[in-house]
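Peer 1: Only the shape, not the letters, is given here:
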């Protein structure tokens, strides 16, 4: 009896530890992710952007909904495509609906089949058919220069963005905190963009 209880406790402790895993090594983080240039599919990560306290760096509440696709990883630099938009009045991100609401941010130099700035409403799903991932200039997470955002190739001469405070995988979520400060956070399990998550905030 006691052996059975002890086994259950040890098993639960192990599960708890797995969920509480924190990874900060850049190459190890990259090894856990899926990249469009390396796969025939088009994995997309869903989550949200959160506000961060400038003083304490404590992660605060919701800022924007987020869809993110990793394009490639080279020499400590992650290249990514993303879309950000506000929650609906019902409190949901509605990841399945990317055409009826304004997308706030999708990258200046990304060739998107149906995206506009200003008052433009809607954009195409984040798929390889809709995003020219072979010819676009994507934003980067440059872990060597500690920069996040548009590159100099997109916005000469120095690019545009913020500093990188931290990058990690924590409790099953990929997390980047910029010095803006904002927390970009997505579920570590990618989805098919043609069948996005139905959770209010994934």
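Peer 2: That came in fine, so what should we check first? It should be emphasised that the depicted structure is a prediction, and the values quoted were computed from it without experimental measurement.

Peer 1: Now stretch 85-105: buried residues?
Peer 2: 85, 87, 93-95, 98, 101, 103 (16 or more other CB atoms under 10 Å). (Glycine included, C-beta is placed from N, CA and C.)

Peer 1: Which one among the residues you listed sits at the bottom for pLDDT?
Peer 2: Scanning the buried residues of stretch 85-105 for pLDDT, the low point is residue 98. It has 75.

Peer 1: before we move on, the earlier item: among the buried residues of stretch 85-105, which lie within strands?
Peer 2: 85, 103 (DSSP state E).

Peer 1: and which of the buried residues of stretch 85-105 is nearest residue 75?
Peer 2: In terms of CB to CB, no member of these lies closer to residue 75 than residue 103, at 30.2 Å.

Peer 1: What separation do you get for that closest one and residue 178?
Peer 2: 19 Å (CB to CB, to the nearest Å).

Peer 1: Ok, residue 49 next?
Peer 2: Distance of residue 49 to residue 178, given as CB to CB: 10 Å.

Peer 1: now do residue 55
Peer 2: On the measure of CB to CB, residue 55 and residue 178 end up 16 Å apart.

Peer 1: what's near enough to touch the closest residue in space to residue 146 that isn't next to it in sequence?
Peer 2: Spatially, and ignoring its direct neighbours in sequence, residue 146 is nearest to residue 164 (4.3 Å; CB to CB, 6 or more residues apart in numbering). Taking CB atoms under 8 Å, 6 or more residues apart in numbering, we find residue 164 in contact with 141-143, 146-148, 176-179.

Peer 1: Next: residue 127.
Peer 2: 42, 193-194.

Peer 1: Can you tell me which of those has the most neighbours?
Peer 2: Counting neighbours by other CB atoms under 10 Å, residue 193 comes out on top of the contacts of residue 127 with 24 neighbours.

Peer 1: Look at that one and give its secondary structure.
Peer 2: Using DSSP: H, G, I helix; E, B strand; the rest coil as the criterion, the local structure at residue 193 reads coil.

Peer 1: pLDDT value on it, please?
Peer 2: Value for residue 193, per-residue pLDDT: 95.

Peer 1: roughly how far apart are the nearest residue to it once chain neighbours are set aside and residue 187?
Peer 2: Counting by CB to CB, 6+ apart, residue 193 lies nearest to residue 44, which is 4.4 Å off, once chain neighbours are set aside. Distance from residue 44 to residue 187, counting by CB to CB: 10 Å.

Peer 1: neighbour count winner among these two?
Peer 2: For residue 44 versus residue 187, neighbours defined as other CB under 10 Å are more numerous around residue 44 (26 against 17).

Peer 1: Rebuild the buried residues of stretch 85-105 as JSON lines, extending it with distance to residue 69.
Peer 2: Below are the buried residues of stretch 85-105 laid out as JSON lines (distance: CB to CB, whole Å):
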{"residue": "85", "distance to residue 69": "15"}
{"residue": "87", "distance to residue 69": "21"}
{"residue": "93", "distance to residue 69": "16"}
{"residue": "94", "distance to residue 69": "18"}
{"residue": "95", "distance to residue 69": "13"}
{"residue": "98", "distance to residue 69": "13"}
{"residue": "101", "distance to residue 69": "19"}
{"residue": "103", "distance to residue 69": "14"}
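
Peer 1: With that, I have no additional questions.
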